[in-house]
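>>> Okay, predicted coordinates and the sequence, questions at the end:
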Amino acid sequence: MGSDAPLIEVHELSRSFGGIRALDSVSFAVQSGERRAVIGPNGAGKTTLFNVLTGEIAPSGGSVRVAGDDITRLRPWQRARRGIARMYQRNELFAPLAARENVALAVSARAGPYRFVGAPSPAESAFADELLTRVGLAGREGVPARALSHGERRQLELAVALAQNPRVLLLDEPTAGMSPAETARITELIAGLDRTLTIVIVEHDMDVVFRLADRVSVLHEGRVIADGTAADVRGDTRVNEVYLGKVVVR
Amino acid sequence: MSAELLFQQALNGLSFGALLFILAAGLSLVFGMMDVVNLAHGAFYMLGAYLALSVVQLTGSFWVAMLAAPLALGLLGLILEPLLLRRLRGRHLDQVLLTIGVSLIVVDQIGVVWGREVRSLAAPAGLDGSVALFGGDYPVYRLFVIGLGIALAAVVTLVYRRTALGMHIRAGVEDAQMLGALGVDIDRLFALTFAAGAALAGLAGVVAAPVFGLQPGMDVDALLYSLVVVVVGGLGTLGGAVVGSVLIGPADTFGKVLFQEFALAVIFAIVALVLLLRPTGLLGRIRIAR
Amino acid sequence: MRRVFIWPAAAIGAAALVTFPYWTAEWESSRFATTVLRDILVFAIFALSLDLLVGRAGMPSLGHAAFFGAGAYAAGVATQRLGTDQLPLTLGAAALVAAALALLIGTLVVRSEGIFFLMLTLAFAQIVFAIAFQWTSVTGGSNGLAGIARPFLGGIDLNPPDRMYVLVSATFLAVVLLVRAVAGSPYGRVLVGIRENERRMRALGYDTARIRLSAFVLAGSIAGIAGALSAYSLRFVSAQDVGIGTSIRAFVMVLVGGAGTLAGPVIGAAVVLYVERILSSAVPVAETVLGLLFVAFVLLARRGIVGIGGAAWARMRR
């Protein structure tokens, strides 16, 4: 097995909306086990990129490969079955259902939907509760998602994604709207995830980026303008002008 | 089929299409603006026809009826929107369900007031004759309907594209919330739109009555046809109503002539085909409304 | 403690329901009551099947009568034209025909949601109505199929009204158990997930279009069985059974009774039939009353009678 072959390969990915080029020949590769951050100013195309990666939007050009397989034409549910899980920027939860039930739906996905008899297996329930404890929602398992606080909902959102037992985890601004304490907690949680999991994370919070990321890709107006280690990117002139808003004096 | 018959059927198809446009335009407009499919649209059509019946009985004039019925329906729409629909603002599916209830009430009350026998309405004097066309006689009234449809399409397009109201409507179709945020009185706009939709349905009822008569169940037929037109042509756009009616009108007419019993299966096939290829209709823009 | 009483109570209730014509034989209105109850139960089955779509899966179908009527026609045609008179065969045929129609229509409509879905189901059901109305050779056209003979179950003739009633009530109970099982199963929870957030379900790996289609076909088959029972009960099928009026009635039953619950559709069926059969003889505006009820519930009591009951219960316990 070629452990040097990248797990995720994005090649010349483009997507336009009317006259706007949301993605313009975006290319990058992510190694297995890597933590890659995608940063960029608002409107740079980060969420569009995720939507194309998960298959919710079709690209106008280019391709996406995961583990060597071209998944560009696959539907979202097919990609999920290949191990791609996503944490949405704006929570996509099952509002009236309890936290535990939200996670249970993710766990059950693997077993298939056409089980017409029986209650959820004890193993599945135990796994769901364990996952909820791991993300910090112990004791809140029975609370309906809409009754949870914003921070708790983000935690649940992460739990649901993890419950899919994915190979690739796409985190869309996981710390959005969180207090410093919640941010720290969820950052450590992500940092502690096993390296069998490959993570691509979109973030605005630079502290989180530099804590978590092995490599950083910078998007601006739909193009990748920098791609390197966190330290490289921090020192990159163009990135600083465009995004970090500083002028680096050498 | 002889050339003469072909020509006549073509005219029939066009007049039916014109009628369909008058009928479907209101439905499309209300959906485009308010994300509500007014399932009482057929009931409004029926009410327009029956009101015309009474107005003609009262005044002897079809033309007065053609004015009065749409006005009355518009008034009804102006009352119903704030009274019922506005309370469910944002709950699109529930609004649609509400219109079903309204439809049940309106249709039943029509039966109570006017009875449930088949009635007829004569075309107005001056339009009730035939004219010699290409070797056959053709009813003048149907030509009038074609003319009216085209004229209405032109007027509506003019209002839509060149007036302030039209601009508001177009913007509202695009994004009603944004429009509200910009300071436009959305409540009033919605009420007016719904009233206009009802008025157009009523007008269609009056215009169709001399051709199709009045009977129980006409509301269902009208609703079905307007839905089909709007689904095929594209929900929410006026252009869609035009495209849809131009397609479905002749298709239905020729279908009935050629296939008799299974004419509607032809329509079914068209609808199915359009949906498979373009789920939002030929010209449509669907926004997800839950 | 309450739980201990539920099963025995339910068993007693079920037994009482099925034997209704027998223990009310002395009543003056026994025949009439049995007939009304029978019709309520037929529509309760129909309403329960619609609720699978509307209440559980979040698929607001306004064309469900297409499958009810298809089942009714299938039973009628099987009995009258094909000479089949054994119940399992005719019921099976009804379910199969309804399922096939549901598969055909479902494939076309299942990728849409919300209002668009509602419109499409309406349109296609109306087209089925028109075909039923015009396909005189098979459906009897505007006259329908009359004088349908009731089938046999083995050697038992189901002609007598009390036996017909037992068939209907037993089928009703079976359907209740079925719907209850499906609703509580993992499949049932998947339907709820699709209702609450279909986008998320797709992201989790569920082929939601296909799952919705399966629900559509399941609901359609059950509706077909209700239709067959209707054909046998009334000995008559007409295009009205496929029509929009029937679809709307079922929808009113589900909403007024309480969508997404087991009791709701049943209560709704009882209410609607009460209005149509009993109230309408006193006041001839059944449709208006139903329309007003519907409007009132949509505006004020969206969760139906069961919802009102639930809220009252919650308030009492405080």
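Cool, got the structure.
>>> And C:Leu108, how far from chain A?
Going from C:Leu108 to chain A by Cβ to the nearest Cβ, to the nearest Å gives 19 Å. For glycine as for every other residue, the C-beta is placed from the backbone atoms N, C-alpha and C.
>>> Then C:Ile148?
32 Å.
>>> what residues are up against that residue?
Taking Cβ atoms under 8 Å, 6 or more residues apart in numbering or on different chains, we find C:Ile148 in contact with C:75-76, C:79-80, C:231-232, C:235-237.
>>> Lowest-confidence one in these?
Within these, pLDDT reaches its minimum at C:Gln80, with 85.
>>> Is stretch B:101-111 positioned near chain C?
Yes: for stretch B:101-111, a contact with chain C is found by Cβ under 8 Å from any Cβ of the partner chain, at B:101-105, B:107-109.
>>> Now do the same for the residue in chain C positioned nearest to chain A: its pLDDT.
As assessed by Cβ to the nearest Cβ, chain A sits closest to C:Gly205 within chain C, at 3.5 Å. pLDDT for C:Gly205: 93.
>>> For it, grab the count of nearby residues.
For C:Gly205, the number of neighbouring residues by other Cβ atoms under 10 Å in any protein chain shown comes to 24.
>>> Once you drop chain neighbours, what's closest to it?
Nearest residue to C:Gly205, sequence neighbours excluded (Cβ to Cβ, 6 or more residues apart in numbering or on different chains): A:Ala80, at 3.5 Å.
>>> List the residues that contact the one you found.
The neighbours of A:Ala80, taking Cβ under 8 Å, 6+ apart as the test, are A:54, A:109, A:164, C:202-205.
>>> Helix or strand next in line after the lengthiest helix in chain C, which one?
Ranked by number of residues, the top helix in chain C under DSSP state H is helix C:208-234. In the C-terminal direction, the helix or strand that comes right after helix C:208-234 (DSSP states H and E) is strand C:236-237.
>>> how many other residues sit next to whatever residue of chain B ends up closest to chain C?
Minimum separation of chain B from chain C (Cβ to the nearest Cβ) falls at B:Leu104, amounting to 3.1 Å. Burial of B:Leu104 is recorded as 27 neighbouring residues (other Cβ under 10 Å).
>>> just the strands in the chain please.
In the absence of a named chain, this looks at chain A. With DSSP state E as the definition, chain A shows strands at residue ranges A:8-17, A:20-30, A:35-39, A:61-66, A:69-70, A:84-87, A:168-172, A:198-202, A:215-220, A:223-229.
>>> looking at chain C here, not the other one
Remark: strands assigned in chain C by DSSP E are C:145-146, C:152-153, C:156-157, C:236-237.
>>> For the first one, name the packing helices and strands.
In this structure, strand C:145-146 makes packing contacts with helix C:65-80, strand C:236-237, judged by 3 or more Cβ pairs under 8 Å, 6 or more residues apart in numbering or on different chains; DSSP states H and E.
>>> So which elements touch the last one?
Other helices and strands packing on strand C:236-237, by 3+ Cβ pairs under 8 Å, 6+ apart, are helix C:65-80, strand C:145-146, helix C:208-234.
>>> re the thing from before, let me have the strands of chain A in JSON lines, adding mean pLDDT and mean neighbour count as columns.
Shown next, in JSON lines, are the strands of chain A (pLDDT from 0 to 100; neighbours: other Cβ atoms under 10 Å in any protein chain shown):
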{"stretch": "strand A:8-17", "mean pLDDT": "90", "mean neighbour count": "18"}
{"stretch": "strand A:20-30", "mean pLDDT": "90", "mean neighbour count": "19"}
{"stretch": "strand A:35-39", "mean pLDDT": "92", "mean neighbour count": "25"}
{"stretch": "strand A:61-66", "mean pLDDT": "92", "mean neighbour count": "18"}
{"stretch": "strand A:69-70", "mean pLDDT": "91", "mean neighbour count": "11"}
{"stretch": "strand A:84-87", "mean pLDDT": "94", "mean neighbour count": "26"}
{"stretch": "strand A:168-172", "mean pLDDT": "94", "mean neighbour count": "24"}
{"stretch": "strand A:198-202", "mean pLDDT": "94", "mean neighbour count": "24"}
{"stretch": "strand A:215-220", "mean pLDDT": "90", "mean neighbour count": "23"}
{"stretch": "strand A:223-229", "mean pLDDT": "87", "mean neighbour count": "17"}
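>>> Now those in a markdown table, please, with extra columns for distance to B:Gly48.
Formatted as a markdown table, those follow (distance: least, Cβ to Cβ, whole Å):
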| stretch | distance to B:Gly48 |
| --- | --- |
| strand A:8-17 | 42 |
| strand A:20-30 | 45 |
| strand A:35-39 | 58 |
| strand A:61-66 | 52 |
| strand A:69-70 | 57 |
| strand A:84-87 | 51 |
| strand A:168-172 | 52 |
| strand A:198-202 | 55 |
| strand A:215-220 | 57 |
| strand A:223-229 | 58 |
